[in-house]
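Engineer: Could you work out the structure for the sequence below:
(one chain, ligands or ions: 1)
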Amino acid sequence: VSRSSSPLTVELERRKCIAVMTSGGDSQGMNAALRGLVRMAMYRHARVFLIYEGYQGLVQGGDLIKETTWYGVSHIMGKGGTVIGTARCKEFRERWGRRAAALNLVKKRITNLIVIGGDGSLTGANLFREEWPELLQELVEEGNISAQEQTECDHLNIVGMVGSIDNDMCGTDMTLGADSALHRIVEAVDAISFTASSHQRCFVLEVMGRHCGYLALVSSLGCNADWCLIPESPPSDNWEKKMCEQLCRSREEGARMNLIIVAEGAVDRQGQPISSQYVKSVIEKELGYDTRITVLGHVQRGGAPSAYDRLMGCRVGAAAANAVLDADKDNEPVLVGLQGNRVVQSPLMKCVRETQGIAGAMKDGNFKEALSMRAGSFVRHWATFRRLSRYDKLPVVPATEKLRFALLHVGAPAAGVNTCTQAFFRLTTYHGHQVYAVHEGFDGLAKGSIQLLDRSQVLKWSVAGGSHLGTNRSLPSKEGLPLIAEQLKKHRINGLLVIGGFEAFHSLCILEDARKDYPAFCIPMLNVAATISNNVPGTDHSMGCDTALNIIIETTDRLKQSAVASRKRVFVIETMGGHCGFLATMGGLAGGADAAYIFEEKFTISDLQNDVRHLVSKFQQGIWRGIILRNEKCSPYYTTDFITNLYSAEGGELFTTRSNVLGHMQQGGLPSPYDRHLGVRFAKCSLDFFLDHCTLEPQPQCSSATACTVGMRARKTVFTPVSELKLRTDFKNRLPLDQWWLELRPLLRILAKHRDYHFKP
Ligand code: ATP
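Structural biologist: Numbering: from 1, shown residues only. So this is what the prediction gives:
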């Protein structure tokens, strides 16, 4: 954004032509990436050509390579698949096909190519780049291009992005489409669970993933599956017996259904496929359970892209445009992906080789090697699942050494809280320890509303949002502190887990301060960040905000549809978040908003006037709808009504304006796959933290490192003492002082066609 816009730079970039294609299997999020890169490239004055039908279009040329405009990529972000088509192309595998492709590009002076596809497509692109000088020489010799054209187009820059629902590529934590595919799987499991419970059935769900078990593993973690089979880690030879034991145990403990998730590429140790049919026959033969198979198939590729895939698409797409425009002939091709919440570039062919190395290791039966080559988090998630499914027997903990953890929910409801509670319970009891559930937050604890949690109770809990334990916003009061201390002492609690948002964090600060007066608080205490607002210090993401974002974009999609239908409508959408503008910003980016007003970025009436004028000019150019997001506390003066009235007054004949306050809708709904996954991940880390720090008696000398918030920083789970976080917190406005997502504000403006960006924190 701060790039120099000197006339020379503008002129040089204006001459640059970029072509983009989607290739291989389609996936959700490809359209968001396309939109992001087209708009960022145009912001930088470049010309962009869309290649239709993948490499087929590149080889064939003609109408299959067309220059696009800013508005050429409007209304595509919410669509699944790829609007420019994809194909597998035999001709491009031949030298003559690639020569024809080179001719088509040179004739349009295109020397920058962005490919969104899998490892095959990216390998093809790399080969094309390597052969480029020879291909051009052959074209000159054949008389198809001139020497001047050869000189002007002497090298080809390549940038890749990965579109694949399987999440099977090295160099990026997530591939475009994987999160949306998880949404489809989780929706299916939730639907199946009701009928399975009614009939006390066992369901074998087959999901995609020929070489990668990511979808199967992550959905198993988030959906309480009893068993999971993935290609990277074939089960031990007696797995059928172990699986049946686990299914039986679940039923004895009160479960009315069982769920087994099988990746389509699951194999045994001899490399022989394990089919869903085989799993079903084992269960029917050994246990006599009524067992059904559901093969999800292409449903996983379908449907609207999730908020995550749209956000990722916007970010990697824009970064890919920047990468290709900044590249020169000495740069090797790069793959643009995400590591945690950071956009990163990695050498393209290194990523392809590593990806193919995993597939090769599995083919050769080196499963240990294959698993170790997957990202570290994959291995850790697999280990967590094995714990949840009680795969290995642990030594029995003597009654005198059992640890007791109290768990409570504090603050407003956030999706994922129940998943986290359930997973914490399952993991803790597997390790032989106990969980005490506190009802109604700290008020409940002070009143003695605390009881030992048992499995039959937990198994009955649905995956619903909200809080099964009950929650409220009360902080531990001065009068309440001795009562809370007494309850912890009475129940001999060794560790306290507080799941919740800013109030949960604040409560922990209060309890830590009170340690000197109450030895009962000298136990390890942990706050798991859970709030839709994402305003808990110490984490990039809190549980619940992904679900809320998905609700916001679903609503935005509907409003957009209504606005487009009436041809002249602007919607002002008010989002929650207190003073935190995370939901408005990310919802605005993922929903393709024209502006998003937040508290952290001060704005004046003249900023509003500029934005209104900007929208008026868009309508004059033929745009049919406007979407404005406004955080509920962005300004006490420029209220939702004020902004709606302002746009109404200025819209004149061009558009009318309506407002929509999303309100508590954002706190409801079933948790998204990401929030479920985060819940399980936090539960596992919390237990590890307690096992590392807990002792059988409170430790009056305990350090501040035993009162922490657990959160995500980039791709890592981190524990930060609340005493440290306090210093980096704005308690008045309930905000962390460092908020990583603010760096995405310029992108939101650029993708909405604003040329100005003045950040005023
Ligand atoms: P997916 O992971 O969805 O299968 P992919 O990109 O790996 O995606 P492929 O079918 O392997 O899908 O490749 C798509 C297209 O890329 C091929 O049809 C072909 O046109 C081109 N391609 C793949 N590999 C090569 C190669 N080695 N040389 C030239 N072109 C290739």
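Engineer: Which helix or strand contains the residue nearest the centre of the chain?
Structural biologist: Geometric centre of the chain, nearest residue: Tyr308, 4.3 Å, by CA atoms, centre = their mean. Secondary structure from DSSP states H and E places Tyr308 in helix 307-326.
Engineer: partners of the helix or strand just after that helix in the sheet?
Structural biologist: Downstream of helix 307-326, the first helix or strand assigned by DSSP H and E is strand 334-339. Sheet pairing for strand 334-339, assigned by DSSP bridges, gives strand 157-162 (parallel), strand 342-347 (antiparallel).
Engineer: Might you list the low-confidence residue ranges for the stretch 151-300 of the chain?
Structural biologist: Scanning the stretch 151-300 of the chain for pLDDT under 70 picks out no residues.
Engineer: mind listing the helices for it?
Structural biologist: 178-199, 214-222, 239-252, 276-287 (DSSP state H, counting those that start in this stretch).
Engineer: Also the stretch 651-761 of the chain?
Structural biologist: 673-693, 722-726, 745-751.
Engineer: got these as JSON lines, with mean pLDDT, mean neighbour count and distance to Glu138 columns?
Structural biologist: Where C-beta positions appear, they are placed from N, C-alpha and C, glycine not excepted. Listed next are the helices of the stretch 651-761 of the chain as JSON lines, based on pLDDT from 0 to 100; neighbours: other CB atoms under 10 Å; distance: least, CB to CB, whole Å:
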{"stretch": "helix 673-693", "mean pLDDT": "96", "mean neighbour count": "24", "distance to Glu138": "49"}
{"stretch": "helix 722-726", "mean pLDDT": "97", "mean neighbour count": "19", "distance to Glu138": "63"}
{"stretch": "helix 745-751", "mean pLDDT": "95", "mean neighbour count": "22", "distance to Glu138": "40"}
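Engineer: Reformat those helices as CSV; add distance to the ligand.
Structural biologist: What follows is those, written out as CSV (distance: least, CB to the nearest ligand atom, whole Å):
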stretch, distance to the ligand
helix 673-693, 21
helix 722-726, 42
helix 745-751, 26
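Engineer: Relative to Thr86, which of the ones you listed is closest?
Structural biologist: helix 745-751 (23.1 Å; CB to CB).
Engineer: For the closest one, which outside residues touch it?
Structural biologist: 1, 35-36, 39-40, 43, 314-315, 318, 585, 588-589, 592-593, 595-596, 601, 756-757, 759 (CB atoms under 8 Å, 6 or more residues apart in numbering).
Engineer: For ChimeraX, write the selection for the buried entries among those.
Structural biologist: To isolate the buried members of these in ChimeraX, using 16 or more other CB atoms under 10 Å:
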select :35,36,39,40,43,314,315,318,585,588,589,592,593,595,596,601
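Engineer: Count the neighbours of the one residue in the stretch 451-600 of the chain that gets nearest to the ligand for me.
Structural biologist: Nearest residue of the stretch 451-600 of the chain to the ligand (CB to the nearest ligand atom) works out as Ala590 at 23.8 Å. For Ala590, the neighbour count with other CB atoms under 10 Å is 27.
Engineer: pretty sure it is in a helix, no?
Structural biologist: Yes: counting by DSSP: H, G, I helix; E, B strand; the rest coil, Ala590 falls inside a helix.
Engineer: And it, what's its pLDDT?
Structural biologist: As predicted, Ala590 sits at a pLDDT of 97.
Engineer: Pull up the gap between the nearest residue to it once chain neighbours are set aside and Leu751, please.
Structural biologist: Once flanking residues are discounted, Ala590 sits nearest to Arg310: 4.1 Å by CB to CB, 6 or more residues apart in numbering. Arg310 sits 11 Å away from Leu751, going by CB to CB, to the nearest Å.
Engineer: what is in contact with those two at once?
Structural biologist: Leu589.
Engineer: Span of stretch 423-439 from start to end?
Structural biologist: Using CA to CA, to the nearest Å, one end of stretch 423-439 lies 18 Å from the other.
Engineer: ignore the last one, stretch 74-92
Structural biologist: In stretch 74-92, first residue to last residue: 30 Å (CA to CA).
Engineer: Let me see the mean pLDDT of it.
Structural biologist: 95.
Engineer: what does stretch 727-743 give?
Structural biologist: Taken as a whole, stretch 727-743 has an average pLDDT of 97.
Engineer: Restricting to C-alpha, output it in PDB.
Structural biologist: This file holds the C-alpha atoms of stretch 727-743, laid out as PDB (Å, rounded to 0.1, in the frame of the first residue of the first chain):
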ATOM      1  CA  LEU A 727       0.300  -4.500  30.800                       C
ATOM      2  CA  ARG A 728      -0.700  -4.800  27.100                       C
ATOM      3  CA  THR A 729      -4.500  -4.400  27.700                       C
ATOM      4  CA  ASP A 730      -6.800  -1.400  27.400                       C
ATOM      5  CA  PHE A 731      -9.200  -2.300  30.200                       C
ATOM      6  CA  LYS A 732     -11.500   0.600  29.600                       C
ATOM      7  CA  ASN A 733     -12.300  -0.400  26.000                       C
ATOM      8  CA  ARG A 734     -11.700  -4.100  26.700                       C
ATOM      9  CA  LEU A 735      -9.100  -4.500  23.900                       C
ATOM     10  CA  PRO A 736      -5.600  -5.900  23.500                       C
ATOM     11  CA  LEU A 737      -3.200  -3.200  22.600                       C
ATOM     12  CA  ASP A 738      -1.800  -5.300  19.700                       C
ATOM     13  CA  GLN A 739      -4.300  -6.600  17.200                       C
ATOM     14  CA  TRP A 740      -2.700  -8.400  14.200                       C
ATOM     15  CA  TRP A 741      -5.700  -8.100  11.900                       C
ATOM     16  CA  LEU A 742      -5.500  -4.300  11.700                       C
ATOM     17  CA  GLU A 743      -2.900  -4.900   9.000                       C
END
